[in-house]
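Enquirer: using only what follows, build the 3D model:
(one chain, ligands or ions: 1)
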Amino acid sequence: MTASAAMTATRPGRHELRLAQSAGLPVAAAVAAFSAAVNLLMLTGPIFMLQVYDRVLASRSVETLAALTLLMTFLFLAMGLIDVARGRIVQRIAARFQSRLEARVFAATLRDEQLRGPGAAVAMGPRDLEAVSRFVGSPTMLAIFDLPWTPLFAAAIFVFHPLLGAIALGGGVLLVLITLATRALTRGPLQISAEAGGIAQRMADLFGDQGETLGALGMRGTAFARWHGARAASQDQAVRAADLAGGLTALSRGFRLFLQSLLLAAGAWLVLRNQLTPGAMIASSIMMGRALAPVDQLVAGWAGLQAAQDGWQRLGHLLTRHPPEPPRTPLPRPQAQLDLRNLTVAPPGAASPTLRGVNLALRPGQAIGVIGASGAGKSTLARALTGAWTPLSGTVRLGGATLDQYDPDVLGGLIGYLPQQVTLFDGTIAENIARLAASPDPARVVEAARAADAHRMILDLPQGYDTRISQTGGRLSGGQIQRIGLARALYPDPVILVLDEPNSNLDHAGSEALNAAIRRIKARGGGVIIMAHRPAAITECEYLLVLEHGVRRSFGPRDKVLREVTENAAQIAEARQAATKGGAA
Ligand SMILES: Nc1ncnc2c1ncn2[C@@H]1O[C@H](COP(=O)(O)OP(=O)(O)OP(=O)(O)O)[C@@H](O)[C@H]1O
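Expert: You can find the predicted model right below:
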């Protein structure tokens, strides 16, 4: 294995970031060249000053002054244009960096969110990417390109007089120390502030979506208190960092101006002793301002630089935690054959599994009902069947292939999933049914809606399929949301349907329609797995799986299993009664 391949295997996230970084290198080289030109042209001011003081004033030549002024105008114009150009280039590097990585960061953030255990840190992928690219396009970035030219200006001052050079060098070292102090002092607060800010933002989004529930439960005050607490934590640290950075920025700026005047004073002293010309005195003062300007800009833009650095670190960890999906050989559309072997699943971040050693086989044209008390593991099973949660051990195979052999987006189309709590997305009903596809197939949208018995209901809405709905459903009732969720599960043409409590919000007609949809799926050779509490949901099931505390308690033909369950329940009730009587006697 080559060194770079080894690095890719061990730290894929960092490597990906570096690749994106190096893609911008050729353009960054152009920025460096432009910066060289800008910095050389910066010498125009001091040299012009030197010439005016020492040549024009001495010779009293108006022609020389006019020629110098013309040249100076041209050079400053060129400098301005090159400066604008390099600013535009870094903006484009930033935009390209962001667009190169955003799909990958978005996918990794979603995956992180999906697998995030309770209490785990919230992934801030898109925010971090934004912070990095904002810094790349900022004036602080240009200051970094200017920084290598600082010694050139300092050297030029040395040429004028070693004393002036020593003052400039000493001042520069002090300013660098101020920059390092800014870094050391603000790093902690800025990090805490960014993380707390992410939590507060997330909380605000969540509360914003649940405004109705918060209002109805009289929770506005408590919700505000929680959000305020999170935001205050972020703000406190941000204010602390800003106080420190602000103080140091003022110190750095004041010190730079003082140095310039000090240099002028030292220059004047040297002029009085005839060791320096007045032109060189003024020119060296201007040059020092120029030499230290990038350091000043670095101190002022430190918060952005720090946010980018921390964001870069977190992005590296995020991308390492969730490596890119490996390219998969596309498989032919499978048969509705689902095989579970010894399936053991634990929720993300949980220490112990909530589903243990489950075996099950579903064949084309069959429907299997999964029943069990609350917390028995039905939804855990549904999540494992859709590939949302990865098994701790054992396998789920669809058409003979384990779920991870399918591209996740393809798998989503093959296994239609109706979650227990349906969440819709901001958009039209048609877009929601088509899973927000960029170019949905309208015929299939209507077909899926018909299959879910939602077509008439949708037509009755003011703008039919084009009615806009919000994340919480907006104007839709619980039953209507569930029907749209079912239509979405049926789009475009799944092989297997996994329905988690599909009729919890449906009336009799809705339940009938659901059963008709299940019959249609079975008739065309599909398979259905239904997690259920209510008997109406399992009328179309040939087989029943009973889960108890995450373990398969029984499996077999529906009516046989139902009889067993009823007999067991009767026996348990009798035993309880006997125990109660015994206790009373
Ligand atoms: N995200 C999660 N993190 C940790 N534990 C979880 C998570 N989701 C579920 N559990 C736990 O897993 C167990 C099984 O939950 P599951 O949701 O699968 O049950 P269920 O049979 O679907 O229940 P219900 O009928 O009430 O929906 C429960 O003990 C639950 O507390």
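
Enquirer: C-alpha from now on. contacts and neighbour counts both.
Expert: OK.

Enquirer: now the stretch 201-350 of the chain against the ligand: closest residue?
Expert: Taking CA to the nearest ligand atom, the ligand has its nearest neighbour within the stretch 201-350 of the chain at Pro347, 4.7 Å off.

Enquirer: tell me if that residue really is in a helix.
Expert: No - using DSSP: H, G, I helix; E, B strand; the rest coil, the assignment for Pro347 is coil, not a helix.

Enquirer: and the gap between it and Ile481?
Expert: For Pro347, the distance to Ile481 equals 26 Å [CA to CA, to the nearest Å].

Enquirer: and what of Leu180?
Expert: Going from Leu180 to Ile481 by CA to CA gives 56 Å.

Enquirer: which of these two has more neighbours?
Expert: Ile481 (22 against 12; other CA atoms under 10 Å).

Enquirer: mind checking pLDDT for Ala6?
Expert: pLDDT recorded at Ala6 is 42.

Enquirer: disregarding residues adjacent in the polypeptide, which is nearest to Leu147?
Expert: Pro294 (5.7 Å; CA to CA, 6 or more residues apart in numbering).

Enquirer: was I right to think the one you found contacts Ile144?
Expert: Yes - using CA atoms under 8 Å as the test, Pro294 is close enough to Ile144 to be in contact (7.0 Å).

Enquirer: out of the two, which sits in the more crowded spot?
Expert: Taking neighbours as other CA under 10 Å, Pro294 and Ile144 compare with Pro294 leading, 23 against 16.

Enquirer: tell me the helices and strands packed up against the helix or strand encompassing the more buried one.
Expert: Assigned by DSSP states H and E, Pro294 belongs to helix 278-300. For helix 278-300, the packing partners by 3 or more CA pairs under 8 Å, 6 or more residues apart in numbering; DSSP states H and E come out as helix 44-51, helix 139-146, helix 150-160, helix 162-209, helix 220-272.

Enquirer: residues near Leu50, how many?
Expert: By other CA under 10 Å, 20 other residues sit near Leu50.

Enquirer: thinking again about what came up before, what's the closest of the helices and strands packed on helix 278-300 to Gly527?
Expert: Among the helices and strands packed on helix 278-300, the nearest to Gly527 by CA to CA is helix 162-209 (34.8 Å).

Enquirer: taking the mean pLDDT, what do you get for the helix or strand just after the closest one?
Expert: Under the assignment DSSP H and E, the closest C-terminal helix or strand after helix 162-209 is helix 211-216. Throughout helix 211-216, pLDDT has a mean value of 75.

Enquirer: cool, stretch 29-41 as well?
Expert: Mean predicted confidence for stretch 29-41 is 91.

Enquirer: need the contact partners of it.
Expert: For stretch 29-41, contacts defined as CA atoms under 8 Å, 6 or more residues apart in numbering pick out 75-76, 79, 82-83, 86, 89-90, 142, 145-146, 149.

Enquirer: stretch 287-300 now?
Expert: 42-43, 46, 139-140, 143-144, 146-147, 149-151, 153-154, 157, 168, 172, 175-176, 178-179, 182, 245-246, 248-249, 252-253, 256-257, 260.

Enquirer: give me the number of residues near Glu574?
Expert: Glu574: 12 neighbours (other CA under 10 Å).

Enquirer: ugh, typo on my part, it should be Ala280
Expert: For Ala280, using other CA under 10 Å, the count is 25.

Enquirer: show me the shaky parts of the stretch 351-500 of the chain.
Expert: 471-474 (pLDDT under 70).

Enquirer: switch to 80 and redo it
Expert: Within the stretch 351-500 of the chain, the stretches with pLDDT under 80 are 438, 470-475.

Enquirer: close to the ligand: what parts of it are there?
Expert: Residues of the stretch 351-500 of the chain found near the ligand (CA under 6 Å from any ligand atom) are 354, 373-380.

Enquirer: and the strands in the stretch 401-550 of the chain, which stretches?
Expert: Applying DSSP state E, counting those that start in this stretch to the stretch 401-550 of the chain gives strands spanning 401-402, 415-418, 427-428, 468-469, 496-500, 527-532, 543-548.

Enquirer: what is the distance between the third one and the centre of its chain?
Expert: By that I understand strand 427-428. 23 Å (CA atoms, centre = their mean, to the nearest Å).

Enquirer: so what does that strand touch, helix or strand wise?
Expert: strand 468-469.

Enquirer: list the neighbouring strands of the strand it packs on plus their orientation.
Expert: strand 427-428 (antiparallel) (DSSP bridges).

Enquirer: re the thing from before, can you verify my assumption that the residue of the stretch 201-350 of the chain closest to the ligand contacts Pro353?
Expert: Yes - the criterion here is CA under 8 Å, and Pro347 meets it with Pro353 at 7.0 Å.

Enquirer: hmm, back to that, restricting to C-alpha, output the helix holding Pro294 in PDB.
Expert: This file holds the C-alpha atoms of helix 278-300, laid out as PDB (Å, rounded to 0.1, in the frame of the first residue of the first chain):
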ATOM      1  CA  PRO A 278      13.900  63.700   4.800                       C
ATOM      2  CA  GLY A 279      12.600  61.600   1.900                       C
ATOM      3  CA  ALA A 280      14.000  58.300   3.400                       C
ATOM      4  CA  MET A 281      12.500  59.300   6.800                       C
ATOM      5  CA  ILE A 282       9.000  59.600   5.400                       C
ATOM      6  CA  ALA A 283       9.400  56.600   3.100                       C
ATOM      7  CA  SER A 284      10.500  54.300   5.900                       C
ATOM      8  CA  SER A 285       7.600  55.300   8.000                       C
ATOM      9  CA  ILE A 286       5.200  54.500   5.200                       C
ATOM     10  CA  MET A 287       6.900  51.200   4.500                       C
ATOM     11  CA  MET A 288       6.600  50.200   8.100                       C
ATOM     12  CA  GLY A 289       2.900  50.800   8.000                       C
ATOM     13  CA  ARG A 290       2.700  48.600   5.000                       C
ATOM     14  CA  ALA A 291       5.000  45.900   6.500                       C
ATOM     15  CA  LEU A 292       2.800  45.500   9.600                       C
ATOM     16  CA  ALA A 293      -0.600  45.900   8.000                       C
ATOM     17  CA  PRO A 294      -1.000  42.100   7.300                       C
ATOM     18  CA  VAL A 295      -0.200  41.400  11.000                       C
ATOM     19  CA  ASP A 296      -2.800  43.900  12.000                       C
ATOM     20  CA  GLN A 297      -5.400  42.300   9.700                       C
ATOM     21  CA  LEU A 298      -4.600  38.900  11.100                       C
ATOM     22  CA  VAL A 299      -5.300  40.000  14.700                       C
ATOM     23  CA  ALA A 300      -8.500  41.800  13.600                       C
END
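
Enquirer: next secondary structure after that helix?
Expert: Assigned by DSSP H and E, the successor of helix 278-300 is helix 302-321.

Enquirer: show me what contacts the residue lying closest to Asp507 once chain neighbours are set aside?
Expert: Nearest residue to Asp507, sequence neighbours excluded (CA to CA, 6+ apart): Gly479, at 7.5 Å. Gly479 sits next to 505-507, 510 when contact means CA under 8 Å, 6+ apart.

Enquirer: out of those, who's the most crowded?
Expert: Gly510 (20 neighbours).

Enquirer: from the ligand, how far out is that residue?
Expert: 20 Å (CA to the nearest ligand atom, to the nearest Å).

Enquirer: pLDDT below threshold where in the stretch 201-350 of the chain?
Expert: By pLDDT under 80, the low-scoring segments of the stretch 201-350 of the chain are 202, 205-206, 208-217, 241-242, 245, 248-249, 296, 299-300, 303, 349.

Enquirer: which parts of it sit against the ligand?
Expert: So the stretch 201-350 of the chain meets the ligand at 347, 350 (CA under 6 Å from any ligand atom).

Enquirer: excluding sequence neighbours, find me the nearest residue to Thr320.
Expert: Leaving aside its sequence neighbours, Thr320 sits nearest to Gly13 (CA to CA, 6+ apart; 4.1 Å).

Enquirer: brilliant, that's me finished.
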